[in-house]
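need coordinates for the below:
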Amino acid sequence: MPLLQLFNLRKDFGGLRAVDDVSLEVATGAIVGLIGPNGSGKSTLLNLIAGSAERTAGRIIFDGDEISGLSADQVFQRGIARGYQDPSLYLKMTTLDNALLPVKSQRGEHPWYAPWRRFWQKQEAENARAAAGVLEQVQLLGHYDSLASDLSGGQMKLLEMGRSLMGSPKLLLLDEPTAGVAPNLAYEIFEEISRLRQQHGITFLIVEHRLEILFDFVDSVYVMHLGNLLAHGSADDIASNETVREVYFGD
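Prediction:
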């Protein structure tokens, strides 16, 4: 069974239909690309899956359960994390503190335990060790005590991925993870995505405009245009699809 299934998903904004009857599947452990011209509905589709936008119609099935209509927090608790084109970090907090934010079931956040340090001190230390391991994996351990605002744009992207990993996601939705990043670091970001899939079994659905990088890593690609799905296939299939080339590249 696919990890994620969308059935006839639709999103209207007044008289504008941003997502129009979209049905797709993402297999467990896959890296799937979602591409299309600006305004084609890609980011809106991610918002619908993540629960941060309310669907007009359709169904969302995740890991065998329907999550249509759940809040963003409930969707996150089920195992879906969302990354943004502009990293949504707390810039006045350290890199380590940002990484610790998504950890689930923190005893120190419970009003019954928070006043007594002995109830949550050990768990807090374990979480900090886990976060240090994640920061090392995304090459940011040396910046653990730096403010997030002091990181480069590429490092912020890596921190957002590392922070998402601390929430133990099954599916990670990424919206242009290489936007505004130098080409060499952009490729490193996708290499990190590939490592996360291999080491942690995380599934990825990725919106990306740098197709020359995306196509080196994906198992399959969906193409959107004017809110609709235009095509689906391997990277080679999509690159040679005449309709896609006409719509996306203007050929």
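
need the residues that contact stretch 175-192.
Residues from elsewhere that reach stretch 175-192, judged by C-beta atoms under 8 Å, 6 or more residues apart in numbering: 42-43, 46, 82-85, 137-138, 153-154, 157-158, 161, 193, 206-210, 213-214, 216-217. The C-beta positions use only the backbone N, C-alpha and C, and glycine is treated the same way.

ok, 7 Å please
Residues outside stretch 175-192 that contact it (C-beta atoms under 7 Å, 6 or more residues apart in numbering): 43, 46, 83-85, 138, 153-154, 157-158, 161, 206-210, 213, 217.

report the contact partners of the residue most central in space within the chain.
When C-alpha atoms, centre = their mean is applied to the chain, the residue found nearest the centroid is residue 173 (2.2 Å). Residue 173 sits next to 46, 49-50, 80, 82-83, 205 when contact means C-beta under 7 Å, 6+ apart.

in this structure, which spans are helices?
With DSSP state H applied, the chain shows helices at 42-50, 72-78, 95-100, 121-137, 153-165, 183-200, 211-214, 235-239, 242-244, listed in chain order.

buried residues in the fourth one, which are they?
Buried residues in helix 121-137, counting neighbours by 16 or more other C-beta atoms under 10 Å, are found at 127-128, 130-131, 134-135, 137.

repeat that for the fifth one.
Of the residues in helix 153-165, those buried under the neighbour-count criterion (16+ other C-beta under 10 Å) are 154-165.

surely residue 33 meets residue 208?
Yes. Residue 33 is in contact with residue 208 according to C-beta atoms under 7 Å; the separation is 6.2 Å.

look at these two and report which has more neighbours.
Summary of the neighbour comparison: residue 33 and residue 208, criterion other C-beta atoms under 10 Å, with residue 208 having more neighbours (24 against 21).

so how far is residue 58 from that one?
Counting by C-beta to C-beta, to the nearest Å, the gap between residue 208 and residue 58 amounts to 24 Å.

wait, residue 3 touches residue 171, no?
Yes. With contact defined as C-beta under 7 Å, residue 3 counts as touching residue 171 (6.0 Å).

determine the residues that are contacts of both of those two.
Among the neighbours of residue 3, those also in contact with residue 171 (C-beta under 7 Å, 6+ apart) are residue 203.

between the two, who's got more neighbours?
When residue 3 and residue 171 are compared for neighbours, residue 171 comes out ahead with 23 against 20, by other C-beta under 10 Å.

tell me who's in contact with that one.
Residue 171 sits next to 3-4, 79-80, 203, 205 when contact means C-beta under 7 Å, 6+ apart.

list the beta-bridge partners for residue 175.
The residues paired with residue 175 through beta bridges, assigned by DSSP bridges, are residue 207.

what's the answer for residue 31, then?
As for beta bridges, residue 31 partners with residue 204 under DSSP bridges.

thinking again about what came up before, most surrounded residue in the contacts of residue 171?
Ranked by neighbour count (other C-beta under 10 Å), the contacts of residue 171 have residue 80 at the top, with 29 neighbours.

that one touches residue 61, doesn't it?
No. Residue 80 is not in contact with residue 61 according to C-beta under 7 Å; the separation is 12.0 Å.

spatially nearest residue to residue 76 (excluding sequence neighbours)?
What sits nearest to residue 76 in space, not counting adjacent residues and going by C-beta to C-beta, 6 or more residues apart in numbering, is residue 167, at 6.6 Å.

ok, now how distant is the one you found from residue 182?
Relative to residue 182, residue 167 is positioned 28 Å away (criterion: C-beta to C-beta).

out of those two, which sits in the more crowded spot?
Higher neighbour count among residue 167 and residue 182: residue 167, with 16 against 12, using other C-beta under 10 Å.
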